[in-house]
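[1] A structural model of the following input is requested.
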Amino acid sequence: EVQLVESGGGLVQAGGSLRLSCAADGFTSDDYVIGWFRQAPGKEREGVSCASSMDSSTWYKDSVKGRFTISRDNAKSTAYLQMDGLESEDTAVYYCAAGVGTCSGYQRWDYWGQGTQVTVSS
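    Here you go, the predicted structure:
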């Protein structure tokens, strides 16, 4: 059984940084796509970033480009989301997800983590 466990959330002032981690357990290969999503109170969940091993593609939501960086350490089966220049609008519960596909094409998100809260104070 595949499990995803996020960590690294917290409270930070605007302009600060956080690094989220997503530890994946149970995958038999590295050929899966990993994504970061977030959901703010009263809003729908939205995609933030994606990284695919299959074609080495990445994707970022426009509002986080240049501030967030997704990375993967396949040896540790862990993905990261480095978030710099945080803004109050980034406040949300952040989830990692994994599945099949590529960032530039079709994705199917089969597994989800439990979420980690990120709060940015202005």
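[2] For Trp112, which non-adjacent residue is spatially closest?
    The spatial neighbour of Trp112 that comes closest, neighbours along the chain excluded (CB to CB, 6 or more residues apart in numbering), is Ala97 at 5.0 Å. Using the backbone N, CA and C atoms, a C-beta is placed for each residue, glycine as well.
[3] Distance check, the one you found against Gly16.
    Going from Ala97 to Gly16 by CB to CB, to the nearest Å gives 25 Å.
[4] Just want to know which of these two has more residues nearby.
    Shown here are Ala97 and Gly16; by other CB atoms under 10 Å, Ala97 has more neighbours (22 against 14).
[5] The helix or strand containing Gly99 - contacts with which helices or strands?
    Per DSSP states H and E, Gly99 falls inside strand 92-101. Strand 92-101 sits against strand 3-7, strand 18-25, strand 33-39, strand 78-83, strand 107-112, strand 116-121, with contacts defined as 3 or more CB pairs under 8 Å, 6 or more residues apart in numbering; DSSP states H and E.
[6] show me the contacts for the closest residue to Ala14 other than its chain neighbours.
    Excluding its sequence neighbours, the residue lying closest to Ala14 (CB to CB, 6+ apart) is Ser122, at 4.9 Å. The contact partners of Ser122, by CB atoms under 8 Å, 6 or more residues apart in numbering, come to Gln13, Ala14, Ser88.
[7] between the residues you listed, which is closest to Gly115?
    Checking those against Gly115 by CB to CB gives Ser88 as the nearest, at 19.0 Å.
[8] mind checking the backbone torsions on the closest one?
    Taking degrees, to the nearest 10, you get phi -60, psi -30 for the backbone angles of Ser88.
[9] separation between it and Ala79?
    As defined by CB to CB, Ser88 lies at a distance of 25 Å from Ala79.
[10] Pick out whichever of the two has more residues nearby.
    Just comparing Ser88 and Ala79: by other CB under 10 Å the higher neighbour count belongs to Ala79, 25 against 11.
[11] Show me the beta-bridge partners of the more buried one.
    The bridge-partner assignment for Ala79, based on DSSP bridges, gives Cys22, Arg72.
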